[in-house]
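Visitor: fold the following, please.
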Amino acid sequence: MTPFQSTKAVAATDEQVKYYRENGFVQIDDLLSSEELEELREYLDEAMGAAPANGLQTSQAGGAYFNVLNQRVNTWRDHGGMAKFVLSERFAGLAKQLTGASGIRLFHDHALFKMPHDSKPTPWHQDHGYWPMEPSGALSIWIALDDVDENNGCMMFVPKSQRIRNLKNVDFVEPHDLFEEADGAADRNTAVICRMKAGSCTFHDGFTFHYAHANRTDRPRRALAIIYMPDGTVSNGKKHPVLPETLAPGVKLAGALFPRLA
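Guide: From the prediction side, this is the model:
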């Protein structure tokens with residue numbers, strides 16, 4: 001199986017929507033123009049080079065997690081240029097199309113750098129268990145700012161694995177085998193490798209099994225991920241770093257920190 005690809009980025013095709021809903025992910029090429037790509041690269045490098053004020057740096061150089069991902073969360077809250085892209089109605093509109101949701105809200109963004117030389121793979125995992133929300137339906141866009149393949153950290157997805165629920169969260173530093181836990185419900189041999197040119201993207205459901213290769217090159221692999229949730233998503237009562245306080249179960253994730261984008 002190969003990921004469905006297209007050069008259309010303003011609206012998803014019927015084939016892309018069908019592929020996403022069946023398989024839990026889709027690749028869309030040429031999301032950004034060359035001018036937009038250069039602009040976003042400039043903003044992301046600026047954001048990663050400055051100390052966060054309202055955003056969050058999840059790890060520091062020298063740490064075990066940093067070797068998996070040098071990650072900055074909520075860059076949009078610290079850099080107006082990043083906000084231009086993170087709050088994009090065009091990107092959120094694609095998420096709305098793919099999911100069929102009545103509206104789409106931002107949960108958070110994160111800049112994801114796989115650092116050169118000492119990088120480790122991002123282990124197989126599902127995202128939804130880390131997010132303090134219910135019901136299901138949240139998804140991520142992952143925008144490549146550099147050409148990506150197996151040498152510098154491209155993504156892999158297991159088709160139809162979004163149907164598998166109630167698995168444990170994976171520790172990125174000391175991961176357990178997600179496929180072993182799934183007990184035959186997912187087959188790693190069906191995984192699709194998403195090699196992409198810079199400016200292209202993938203969308204994936206919060207339950208889709210995914211993985212990123214290590215970066216064996218001498219340059220960082222830069223990506224911007226944005227997590228979207230259907231309008232009406234509520235808290236499940238769990239803590240999360242982007243929440244100013246733990247919300248009671250059933251409280252809507254809405255307001256200034258979680259704006260409606262589409």
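Visitor: quick check on Met48: phi, psi?
Guide: Here is the backbone geometry of Met48 (degrees, to the nearest 10): phi -70, psi -20.
Visitor: distance check, it against Val192.
Guide: 29 Å (Cβ to Cβ, to the nearest Å). Backbone N, C-alpha and C define where each C-beta goes, glycine included.
Visitor: Ala47 too?
Guide: Plainly put, Ala47 is 30 Å away from Val192 if you go by Cβ to Cβ.
Visitor: again with Pro159
Guide: 6 Å.
Visitor: so where is the stretch 1-150 of the chain shaky, pLDDT-wise?
Guide: Applying pLDDT under 70 to the stretch 1-150 of the chain picks out residues 1-9, 60, 62-66.
Visitor: so where do the helices sit in it?
Guide: 14-23, 34-49, 64-68, 80-86, 89-99 (DSSP state H, counting those that start in this stretch).
Visitor: Phe107 contacts Met229, correct?
Guide: Yes. Here Phe107 reaches Met229: they are 5.1 Å apart, a contact under Cβ atoms under 8 Å.
Visitor: most packed of the helices of the stretch 1-150 of the chain?
Guide: Among those, helix 89-99 has the highest mean neighbour count (mean count of other Cβ atoms under 10 Å), at a mean of 21.
Visitor: can you pull out the residues in contact with that one?
Guide: The contact list for helix 89-99 (Cβ atoms under 8 Å, 6 or more residues apart in numbering) reads 9-12, 16-17, 20-21, 26, 28, 31, 85, 101, 103-104, 106, 137, 139, 141, 203, 226, 228, 230, 261-262.
Visitor: next, the nearest residue to Arg188 once chain neighbours are set aside: secondary structure please.
Guide: Among residues not flanking Arg188 along the chain, Phe179 sits closest, at 5.2 Å (Cβ to Cβ, 6 or more residues apart in numbering). Three-state call for Phe179 (DSSP: H, G, I helix; E, B strand; the rest coil): helix.
Visitor: count of neighbours near Phe179?
Guide: Using other Cβ atoms under 10 Å, Phe179 is surrounded by 18 other residues.
Visitor: what about it, distance to Phe172?
Guide: In this view, Phe179 and Phe172 are 16 Å apart by Cβ to Cβ.
Visitor: got it, and Asp78?
Guide: Note on Asp78: its distance to Phe172, by Cβ to Cβ, is 24 Å.
Visitor: circling back to that earlier point, any shared contact partners between Phe107 and Met229?
Guide: Common neighbours of Phe107 and Met229, using Cβ under 8 Å, 6+ apart, are Trp131, Met133, Ala138, Leu253, Phe258.
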